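Visitor: No letters, just coordinates:
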């Protein structure tokens, strides 16, 4: 199995959970309007941190990737597929918050 295929599974799962969460949210338009900037900012921060620290971890030998299982595209030493996990988290965490939040007027 390639890293790209494994990454695709995580991304599809996270996107599906987000899709369900948004479909069930009665205030989804307001949420999307209110959330797009913070999520974009979080994405920039998480991707920069991933690039910096994954490059450092690969450089010192903490982790390695088989060239046969990567696409060959890299950012420094990091295979581009490695950025799919932070992207999945950026999709999944707001989705889980939506699915578990209290609605107005809902009792604890």
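Guide: Noted; the coordinates are in hand. The shown structure was predicted, so the numbers you read here are calculated from the model rather than taken from an experiment. Numbering: from 1, shown residues only.
Visitor: so how far is residue 98 from residue 3?
Guide: Per C-beta to C-beta, to the nearest Å, residue 3 is found 29 Å from residue 98. C-beta here means a position set from N, CA and C on the backbone, and glycine is covered the same way.
Visitor: Same drill for the two, tell me which one is more crowded.
Guide: Between residue 3 and residue 98, residue 98 has the larger neighbour count (other C-beta atoms under 10 Å), namely 20 against 17.
Visitor: what about the helices in this structure?
Guide: 3-24, 28-59, 84-100 (DSSP state H).
Visitor: So which of those has the densest surroundings on average?
Guide: helix 84-100 (a mean of 17; mean count of other C-beta atoms under 10 Å).
Visitor: how big is the angle separating that helix from helix 3-24?
Guide: 20 degrees (axes from the mean of the first three to the mean of the last three C-alpha atoms, to 10 degrees).
Visitor: so what secondary structure elements neighbour helix 84-100?
Guide: Judged by 3 or more C-beta pairs under 8 Å, 6 or more residues apart in numbering; DSSP states H and E, helix 84-100 is in contact with helix 3-24, helix 28-59.
Visitor: Let me see the mean pLDDT of the last one.
Guide: What it means is helix 28-59. Averaged over helix 28-59, pLDDT sits at 93.
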